[in-house]
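Chemist: Predicted model follows, preceded by the sequence.
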Amino acid sequence: MGKYELPPLPYSYDALEPNIDARTMEIHHTKHHQTYTDKLNAALDKCPSDIQNKDIVEILSNIDQVPADQKSAINFNGGGFDNHRIFWQNMKANGGGEASGSIAAAINDSFGSFSAFKEKFSSSTVLIQGSGWGWLVYNPSSKKVEYKSMPNQTSPRTEGLIPLLGCDVWEHAYYLKYQNKRPDYISAWWNVINWQDVSERFDKAKK
């Protein structure tokens, strides 16, 4: 079917140096994200047309509608595809700093301050067992932003949450430069966050 293609990075592989090294970015994008994309398409090929014709965001948001024999594959690879296309956009060269605008106000409302949010996000994401993601999400039920950790590649969308900012803590995201020093990687990741992208996602989620 070939419905989904690997999205291009919005910057060069070395753009996030020295925080995230070029070789890691290249492998992460061309090998790992490509694999999730290919396996998502393979799983969708085995689904009925009513599932195939839906966007992956809609599929993940209604994961229980996926046939049982493909649910696990689409949860994992569909999540991996969508998570990573958010991850790349969440970062930019010369990023970082504090959030501004409406997302900053939402963070302050939920966490008390930006520094408290950053501490909560970092400390919780460091402690994720095995592979997974730390997320800032928008909860349509509470109309607030929240922190949420997710295992493996499972998307927050599967729990009715809208992902805004994600930190990938699979070892392939950082091992070449940081080895087992996950806290150092997360600390460096804050320096490349594209807050404009996060803010735009938040504004869209509220509509």
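Modeler: Looks like it arrived, so ask away.

Chemist: From here on, just use CA atoms for contacts and neighbour counts.
Modeler: Fine.

Chemist: Surely residue 153 is in contact with residue 77?
Modeler: Yes: distance between residue 153 and residue 77: 7.2 Å, which falls inside the contact criterion (CA atoms under 8 Å).

Chemist: Comparing the two, which residue is more hemmed in?
Modeler: Neighbours were tallied for residue 153 and for residue 77 using other CA atoms under 10 Å; the higher tally belongs to residue 77 (25 against 22).

Chemist: looking at it, the more buried one is touching residue 37, isn't it?
Modeler: Yes: under the criterion of CA under 8 Å, residue 77 is in contact with residue 37, at a separation of 6.9 Å.

Chemist: Alpha carbons of the helix or strand hosting residue 164, in CSV - could you do that?
Modeler: When secondary structure is defined by DSSP states H and E, residue 164 falls within strand 162-168. Backbone C-alpha positions of strand 162-168 (Å, rounded to 0.1, in the frame of the first residue of the first chain) are rendered in CSV as follows:
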residue,chain,number,x,y,z
ILE,A,162,-2.8,15.1,22.5
PRO,A,163,1.0,15.0,22.3
LEU,A,164,2.7,18.4,22.4
LEU,A,165,6.3,17.8,23.3
GLY,A,166,8.0,14.4,23.4
CYS,A,167,11.4,13.3,24.6
ASP,A,168,12.5,9.9,23.1
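
Chemist: Can you list the helices and strands that the helix or strand bottoming out on mean pLDDT in the chain packs against?
Modeler: Of all helical and strand segments in the chain, the minimum by mean pLDDT, DSSP states H and E falls on helix 49-52, at a mean of 93. Applying 3 or more CA pairs under 8 Å, 6 or more residues apart in numbering; DSSP states H and E, one finds that helix 49-52 contacts helix 34-45.

Chemist: No further queries at this time; thank you.
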